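Asker: following is a predicted model, sequence given first.
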Number of protein chains: 2
Amino acid sequence: MQYGMFDDENREYVITTPHTPLPWINYLGSENFFSILSNTGGGYSFYKDAKLRRLTRYRYNGVPADMGSRFYYIGDGSCVWSPGYLPAKTELDSYRCRHGLGYSVIESEKNGIGCSLTFFVPIGSNCELHHMELINKTDQEKQIAVFSAVEWCLWNAVDDAQNFQRNLSIGEVEQDGSTLYHKTEYRERRNHYAFYHVNANISGFDTDRDAFLGPMGDWSLPLAVREKKSRNSLACGWSPIASHSMELTLQPGETRTLLFMLGYVENDPECKWEGPNSIDKTKARDLISRFASDEDVLAARNRLRAHWDTLLSRFSVQSDKAELNRMVNIWHPYQCMVTFLMSRSASYFESGTGRGMGFRDSCQDLLGFVHLIPEDARQRILDISSIQFEDGSTYHQYQPLTKRGNADIGSGFNDDPLWLVACTAAYLRETGDSSILEESVPFNNIPGSERPLLEHLRRSIRYTIEHLGPHGLPLIGRADWNDCLNLNCFSTDPGESFQTCTNFESGKAESILIAAMFVLYGREYAELCKRFGDAEEACEVLSAVSEMEQAVLQHGWDGEWFLRAYDAFSRPVGSKVCKEGQIYIEPQGFCVMAGIGVTDGYAAAALKSVKARLESEHGIQLLNPCYTSYHKELGEITSYPPGYKENGGIFCHNNPWISIAHTVLGDGNAAFDAYRLISPAYTEYKSDIHRTEPYVYSQMIAGRETQRSGEAKNSWLTGTASWAYVNISQHILGIRAQYDGLEICPCLPDEMDGFTAKRFFRGTCYIIHARRTGQNYPRIWVDGVLIDSLTVPPNGKSELHVEVEF
Amino acid sequence: MQYGMFDDENREYVITTPHTPLPWINYLGSENFFSILSNTGGGYSFYKDAKLRRLTRYRYNGVPADMGSRFYYIGDGSCVWSPGYLPAKTELDSYRCRHGLGYSVIESEKNGIGCSLTFFVPIGSNCELHHMELINKTDQEKQIAVFSAVEWCLWNAVDDAQNFQRNLSIGEVEQDGSTLYHKTEYRERRNHYAFYHVNANISGFDTDRDAFLGPMGDWSLPLAVREKKSRNSLACGWSPIASHSMELTLQPGETRTLLFMLGYVENDPECKWEGPNSIDKTKARDLISRFASDEDVLAARNRLRAHWDTLLSRFSVQSDKAELNRMVNIWHPYQCMVTFLMSRSASYFESGTGRGMGFRDSCQDLLGFVHLIPEDARQRILDISSIQFEDGSTYHQYQPLTKRGNADIGSGFNDDPLWLVACTAAYLRETGDSSILEESVPFNNIPGSERPLLEHLRRSIRYTIEHLGPHGLPLIGRADWNDCLNLNCFSTDPGESFQTCTNFESGKAESILIAAMFVLYGREYAELCKRFGDAEEACEVLSAVSEMEQAVLQHGWDGEWFLRAYDAFSRPVGSKVCKEGQIYIEPQGFCVMAGIGVTDGYAAAALKSVKARLESEHGIQLLNPCYTSYHKELGEITSYPPGYKENGGIFCHNNPWISIAHTVLGDGNAAFDAYRLISPAYTEYKSDIHRTEPYVYSQMIAGRETQRSGEAKNSWLTGTASWAYVNISQHILGIRAQYDGLEICPCLPDEMDGFTAKRFFRGTCYIIHARRTGQNYPRIWVDGVLIDSLTVPPNGKSELHVEVEF
């Protein structure tokens, strides 16, 4: 069952009911001002950092989950309705929400009044625009009242939810015509404020929440709205809001537009005031003046569209599979861009107050956006590597506002360093820009500690080599990619974080996943050394890689699949000798991706075991059988109910690894099956089971062991976004950046006979036609000339035509 | 305007409308299980620690502020109502909420159905009982449906509000007949669970919130209630709740009772299970069996009443002032007991996730409860002193569950050590139990560091002596009692805590308040040394006290009042030379309390300045004029809007100091005026302005500089509770414990001619009759015999009659 449909032409998902199983959200903003927006107008906005600069208040754990955030009420006679259904909950005569690329439009109608509300963050401005178009579709004159409201968050979202003995006394606002200013804490150490403006004369306003809502009032029908009378309240402490009211008369057929702006301004700390207790509003007025007319708004909409046109034109595909085209041309890159902007910080599942930018998250996300925004990718690599320590280990996270490592979480995730190699190599292959390797990058952001990025990579690799366990396999540290497999944790205290406690330093627990990563990314590093650095270093590392591969084959093979790890007592994890958790997905995917066991049948056997033991109707589960009791020697993974999260849920991030592994073995059918199994476009039909947004991946889908099998959670911010995109584009369609050019080597399922693609690469647009002719090995013609390689170098021209037969 | 009235006979405040300006709460529990309960049934419950063992979920920042928590719905035909008005919001035919001592009763009626709901935590059991009595007052048979619900918090209240990517996947429950178990995280590291039970057969249940509420449903009318049909849902992740439903038939005049129990159980970690995935329920069943009948419940109610009878009998007064009697006999001790139990951790303003038990808070609270619960006071002193460091400084807070110092806040509040002297001396004077001084107490809870408590006191005193500034006055450190006067902070970063950042170590900023404390409590310590320890030490300290007194007179007097402090540049704070903040309240009260300037007119002049410059209609403000801009050299105090909190609000805690100071000068009229000005019983009539609960003190009342002058905030958990009680009982009524007996020296206003009091003291009940006869100096008869002292030693008998003429 569905609650809407894809509109490929407009690059939108069109939701046809406000009654979606969960709030279905979109992201606005692509620079510094960001917003989460649900299909009923819920969510919140922030500047750069969802924890430290939260502009509007959102209630996680809310009941209902979403009550709006951009609160709009239309009073038409005795009927009060909200264009987005919430908060008023008045049933609408019609409703559609179109989530597009960086904008959303909610269109609704009630009693002959049509309302279209367009939300977006314009490029180059720190504000969110809400463009409201009202039309009287009746043949009567209509007198309507329009009320708006937003509720301010007191900047720091954690403090906002805890420190009430202070918070309820500090709220400060100003009102200036139709602009309502939020300036809490501006008197002291802040030099930023927010404002909410409407480009019309108002009949009243409110800035005190209780005055607006009335005693025991809630957002569904504030007292001021019910009585159609703003209180003109000026908040002094308690909960400051901003609300406008307007009375409009609409003739039959008449259309009226209103532009609401939620803005953020930073002043020079030396020039904060324009008068006693009156903030300097120059920048706000300037921002307002930029969007004075509907034409200004339209122009901004067009600039936003052009921005996305440019991004999406970097890579597109046409095939006979509409779902595949839809994903590759729209939703894969869109979700990747959101993970670029948000990492794992702010969604309807990530509170914005916890993890900032993850180290490994950002590195992996980059694999999906490096060809879209190579300059930003470059900066991200430099930001990330700045939180690395001198010994090659890294902070696990950093706060986006400060770009400093997060000391609460610390380090010790032993896979982290290798991901830096992975993303830097991807950047180099995409751009050929070797200057990045010479960029001077500090360790732990300490001035004076700067070394070239290449040295950072060297230390990443060395970190693994220097931290091997009894079997010659990498020590796992706190955890590897699987945060919840905590082999040195042994936590018995309730409430203790599995990720930050370390009460057992075994020096024995080893990870086959990191081993496979080392084989894969160690080779990447060696290649990079050969090309840009130091042949001797390359040679040394290749030797270490070779030893690692042998160690995996010797100590990491369980008979029918790869082991997952050795625990602190050197007992195997993910082995047939285990009672539960006999097989894990990660090493099966990553070992094969790294080429381990490909020639001796191990790889094929491992993937066969995955199919037999892990694949389910809704995706490939992380492990099997699920753990039914807690094992303190395995950590958090055994704390989840069976079938949830890492304990045997379908943890989508690793599903593309299996698909890619199939392409390594040349099995396009199995690869495509694995891709399709969890691909949004292919699973949309079961939206009622899936429940999260059908246009993006979720982190997790409940496994068959649960009563809620097939239900997804933690949508949007997942590494699945980049890996699924990498999989379909680079491995199934087979178009991948290499140092010397664009490699094209499709591994399609039998049901596909070919495709056409456009791919910008180092200044050239490759126009690629691939068709199945049953070759043993693909053949490639460039501009009509057969070449003796699968890699097509850029030719310095704007276009290049490639014919591929496979 | 009032919203209820005091019922002195029943020792209750009776609220006559659910539409109070704010939720008006009560506290249940006196041992380990605690609950906050509002007059509409809102609030939450926890075991020992509001942060680490939160049982039910509460939404601070909620809209509306309160939507219930113990959710009850009565479905009578098409009408659904809640006995507490919320969450259903159906207007009731009658409503009363009686907040009593450790219990509350909500009585309401709708369409001829009466419902009385009694809430309390029985002594000796870890549970909250909700005893519901339904009566059919009509002459028709009534079929009614009763629905209950509570929403579980996932134990750690901070994590519960942040870590959704985990939380939404971990919820686990069990259902067993009419008992619904919450066992989230029990599989792993917890050995505790909670349950919600009703002593009746149920027709259905729900444990999954979304199933119960329905799509976009809220608590006001859950889908299950609207359809009168429980879903029998078993939660698996998301938000677990517990809800029962019952169908009842009530004949005309018939009464039916139901007992709901919210319980908490800890199992032996080795015996957690009674079967596969089935928790051991033995203790829950035992708890349930203890309250099987209405008689059991009544007996528990009686035990609770007896508990409070005993406590309140320790001290009572009868005078011709009903308000005074009411405060002294009921509400003063009651609020003090709540601060004993809660410190500043959990109220409708304190989120329960921030400050645990404060060091100085607990020390001062103890002054108000030491005569009520001397054994608990003894333990509290030992707990508190265990977080002291070896150099005499202390952690500022500790977590009640672990009793370990809170490293996030740290130390450096230089008044803290002296409060330990204050409370230990109060304990000794009350009990004469000098054995406490020999108790072995660790520093910072480090095993092996134990030293006698007396040594801790010595280090407290030494800490002050060894940290003096340029004027020979005590260095202030991070702050003294006034947390917000941060003279070494110089914070310019938004979001930074003023209490934890220290970026400027001046070695110059000095506190006149700490100086006065040292004079007062240095003398207390010297007296204690003389009696129990070391005469030489006493002598030395008295010499230091004398020097300090001189330093205050020389460097702490501004001409018409005492200075507040010297800042980091040795500039005066709280001086006529300042532009704003010319006079502060604290040193005026404390210096006079310490006897400084009493003989030379400084004291009288200081109190005259207080009256002229700080006293307002609603209380005595903290400073004047308020700061209108931020001064980084003064810190947080200048960050509040003028008239709020420390920036010139009426910060009630210090008002009793002024009143006591007046008694030091023998001015009973001024003392009583200051007492009456903020006393709940005397300010009840302006409940609509005050807005917080009229039966307890609030931390702060907005000053005249604000538009909300007279509005109180942060009710219940304030040091005002103990100081106001100390003031009225020990200084105005003048009955105070001394080492050698009970001193009686009234300082009444002219309008009072005397009083009768009962005071238990070291095993003897003193029956005191005091009457005004116009003596220059009071005269005392003990059992008819005139004695030559104001101090009456206990006589070893159960009763002792004291006549006082003054």
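Answerer: Cool, got the structure.
Asker: check which helices and strands the helix or strand A:Glu536 falls within is in contact with.
Answerer: Assigned by DSSP states H and E, A:Glu536 belongs to helix A:535-555. Applying 3 or more CB pairs under 8 Å, 6 or more residues apart in numbering or on different chains; DSSP states H and E, we find helix A:535-555 packed against helix A:453-465, helix A:512-532. Placement of C-beta: from N, CA and C, glycine included.
Asker: what's the longest one packed up against?
Answerer: For helix A:512-532, the elements it packs on are helix A:416-431, helix A:453-465, helix A:535-555, helix A:585-593, judged by 3+ CB pairs under 8 Å, 6+ apart.
Asker: let's see that with 6 Å instead.
Answerer: Counting contacts by 3 or more CB pairs under 6 Å, 6 or more residues apart in numbering or on different chains; DSSP states H and E, helix A:512-532 packs against helix A:416-431, helix A:535-555, helix A:585-593.
Asker: nearest residue to the residue positioned nearest the centre of chain A other than its sequence neighbours?
Answerer: In chain A, the C-alpha nearest the mean C-alpha coordinate belongs to A:Thr339, at 2.6 Å (CA atoms, centre = their mean). Among residues not flanking A:Thr339 along the chain, A:Asp365 sits closest, at 4.3 Å (CB to CB, 6 or more residues apart in numbering or on different chains).
Asker: test my guess that the one you found contacts A:Ser722.
Answerer: Yes - the pair A:Asp365 / A:Ser722 is scored as a contact, 5.0 Å apart, by CB atoms under 6 Å.
Asker: picking up where we left off before, comparing the helices and strands packed on helix A:535-555, which comes out most buried?
Answerer: Greatest average neighbour count among these goes to helix A:512-532 (a mean of 25), per mean count of other CB atoms under 10 Å in any protein chain shown.
Asker: pLDDT weak spots in chain A?
Answerer: A:503 (pLDDT under 70).
Asker: got the residues of chain A near chain B?
Answerer: A:19, A:63-64, A:156, A:162, A:164-165, A:168-169, A:187-190, A:215-216, A:218, A:236, A:349-351, A:353-354, A:492, A:494-495, A:630, A:639-640, A:644-645, A:706-708, A:713-714 (CB under 6 Å from any CB of the partner chain).
Asker: using ChimeraX, make a named selection holding only the buried ones among those.
Answerer: To isolate in ChimeraX the members of these that are buried, counting by 16 or more other CB atoms under 10 Å in any protein chain shown, one can use:
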select /A:63,64,156,162,164,165,168,169,187,188,189,190,216,218,236,349,350,351,353,354,494,495,630,639,640,644,645,706,708,713,714
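Asker: so which of the residues of chain A next to chain B are in helices?
Answerer: A:Phe164, A:Gln165 (DSSP state H).
Asker: and the residues of chain A next to chain B, which of them are in strands?
Answerer: Judged by DSSP state E, strands contain the following of these: A:Lys713, A:Asn714.
Asker: in the helix holding A:Glu536, which residues are buried?
Answerer: A:Glu537, A:Ala538, A:Val541, A:Leu542, A:Ala544, A:Val545, A:Met548, A:Glu549, A:Ala551, A:Val552, A:His555.
Asker: ok, then the element right after that helix?
Answerer: Next element after helix A:535-555 (DSSP H and E): strand A:565-566.
Asker: which strands border that following strand, and is each parallel or antiparallel?
Answerer: Counting by DSSP bridges, the strands paired with strand A:565-566 are strand A:510-511 (antiparallel), strand A:572-573 (antiparallel).
Asker: mean neighbour count, those: which tops it?
Answerer: strand A:510-511 (a mean of 32).
Asker: against A:Ala377, how distant is the residue nearest to A:Thr339?
Answerer: 10 Å (CB to CB, to the nearest Å).
Asker: could you check which of those two is surrounded by more residues?
Answerer: Neighbour tally, A:Asp365 and A:Ala377, criterion other CB atoms under 10 Å in any protein chain shown: the higher count belongs to A:Asp365, 31 against 25.
Asker: A strand includes the more buried one, no?
Answerer: No - with DSSP: H, G, I helix; E, B strand; the rest coil as the criterion, A:Asp365 is helix rather than part of a strand.
Asker: distance check, it against A:Asn406.
Answerer: A:Asp365 is 17 Å from A:Asn406, by CB to CB.
Asker: contacts only, for the residue of the stretch 701-806 of chain A found nearest chain B.
Answerer: Closest residue of the stretch 701-806 of chain A to chain B, CB to the nearest CB: A:Asn714 (5.0 Å). Remark: with contacts taken as CB atoms under 6 Å, 6 or more residues apart in numbering or on different chains, A:Asn714 is in contact with A:Phe349, A:Ser698, A:Gln699, A:Met700, B:Gln165.
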